[in-house]
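1. Pasted the sequence and its predicted model underneath.
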Amino acid sequence: MDYVLPAADLSDYVTLFYSFSADVPLFEDAERPYNAQLRFRLSDGATRYEFFDGSVHCPAPAHVIGPTSGPVRSSVVGPARVFGMGLTAAGWTAMIGSEASSALNRVIDANTIFGAARLRAATKALKRTTDLAESVAIGEALVRDLVRNGHPGVSDLIRQIEDWLAGSPSPDIEDLIAATGLSRRQVERRCKAAYGAPPKLLARKYRALRAASVLTLDGIAIDDVIARGSLRPVAPDPRGEAVHRADTAAIARATDDPATSDDNATCRAGRTGPPADA
């Protein structure tokens, strides 16, 4: 797994870009709970995600993974090749614009959000190269296009929430209420809209992410993990379109429904076979 930080003008919207390949018959992994992601499967094998809440999805090649509340078991038929990016709360708001909580522990067909032609062009360009720098340049161009056609900029509230998360190992919601001047109900509603979770669960998730990330560093004692709890989240462990803005109803329609989808019936049975779109 290779990671690349975004260009300075995109750092408010993207946490990092990543590229992954594995020449194995079947790749399986347990992914940490993390931010939303835009991911491109560049190989032919089908992908399967089993989320913390029990929902199971077999997504389209270009897909958005909503914010996650717990570990995600993922698998892809090999040989596998994937390119993706992590989305910040500002990135979700600017590029997607719906309530993030509506996509919690869900996968969305990216074509329905960003438009099929735009995603087709990006996917073809990514498939034509194996160079990491070129792949990142394609990803950055796509993000600039999506932000430009969405709602660019970062709200003061998101900056306040980010500062609150980074300011203490155990953020207190009362501090966030005081900083924003909003009521508790308003703060909870707006956190769910941007991050997919209310402040208390959000703080717990980010604290766990920070601790897990620091534990992967050599020579770090557990006391130091606690002391480093105020660090901002870092990378996860390596283990036009007319329809651009998507409201909550559109997200719900675009999300694979494990109760009705034949593909997801296959997923629930644990079979990750050849994709229908291959």
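-> Ah, there it is. Given the structure is predicted, the values throughout are model-derived calculations rather than measurements.
2. Could you use CA atoms for every contact and neighbour count after this?
-> OK.
3. And the strands in the protein?
-> Read by DSSP state E, the chain holds these strands, from start to end of the chain: 2-4, 14-22, 26-31, 36-41, 47-50, 56-57, 62-65, 72-77, 80-87, 107-109.
4. For the second one, buried residues please.
-> Which is strand 14-22. 14, 15, 16, 17, 18, 19, 21 (16 or more other C-alpha atoms under 10 Å).
5. rewinding a little: of all the strands of the chain, which one is nearest residue 120?
-> Distance to residue 120, taken as C-alpha to C-alpha, is lowest for strand 62-65 among the strands of the chain, at 8.7 Å.
6. Compute the mean per-residue pLDDT across the closest one, please.
-> Per-residue pLDDT values over strand 62-65 give a mean of 96.
7. So which elements touch that strand?
-> Under the contact criterion of 3 or more C-alpha pairs under 8 Å, 6 or more residues apart in numbering; DSSP states H and E, the helices and strands touching strand 62-65 comprise strand 36-41, strand 107-109, helix 110-114.
8. Residue 205 contacts residue 69, correct?
-> Yes - in this structure, residue 205 sits in contact with residue 69. The criterion is C-alpha atoms under 8 Å, and the distance is 7.4 Å.
9. circling back: would you point out the most distant pair within the buried residues of strand 14-22?
-> Across those, no pair lies farther apart than 14 and 21, at 21.1 Å, counting by C-alpha to C-alpha.
10. Return the residues in contact with residue 64.
-> The contact partners of residue 64, by C-alpha atoms under 8 Å, 6 or more residues apart in numbering, come to 36, 37, 38, 39, 107, 108, 109, 110.
11. List just the nearest of those to residue 60.
-> Within the contacts of residue 64, proximity to residue 60 (C-alpha to C-alpha) peaks at residue 109, which comes in at 5.7 Å.
12. follow-up on the earlier one: what's the most buried one of the strands of the chain?
-> Burial among those, expressed as mean neighbours by mean count of other C-alpha atoms under 10 Å, is greatest for strand 56-57, which shows a mean of 28.
13. Looking at it now, give me its mean pLDDT.
-> For strand 56-57, mean pLDDT is 94.
14. That one pairs with which strands?
-> Paired neighbours of strand 56-57 in the sheet (DSSP bridges): strand 47-50 (antiparallel).
15. Format the CA atom coordinates belonging to the partner strand as CSV.
-> Coordinates of the C-alpha atoms in strand 47-50 are reproduced here as CSV (Å, rounded to 0.1, in the frame of the first residue of the first chain):
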residue,chain,number,x,y,z
THR,A,47,-15.4,-6.7,-4.0
ARG,A,48,-17.3,-7.4,-0.8
TYR,A,49,-17.6,-5.3,2.3
GLU,A,50,-19.1,-6.6,5.6
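16. Other residues contacting it?
-> Counting by C-alpha under 8 Å, 6+ apart, the neighbours of strand 47-50 from elsewhere in the structure are 56, 57, 58, 59, 72, 73, 74, 75, 76, 77, 267, 272.
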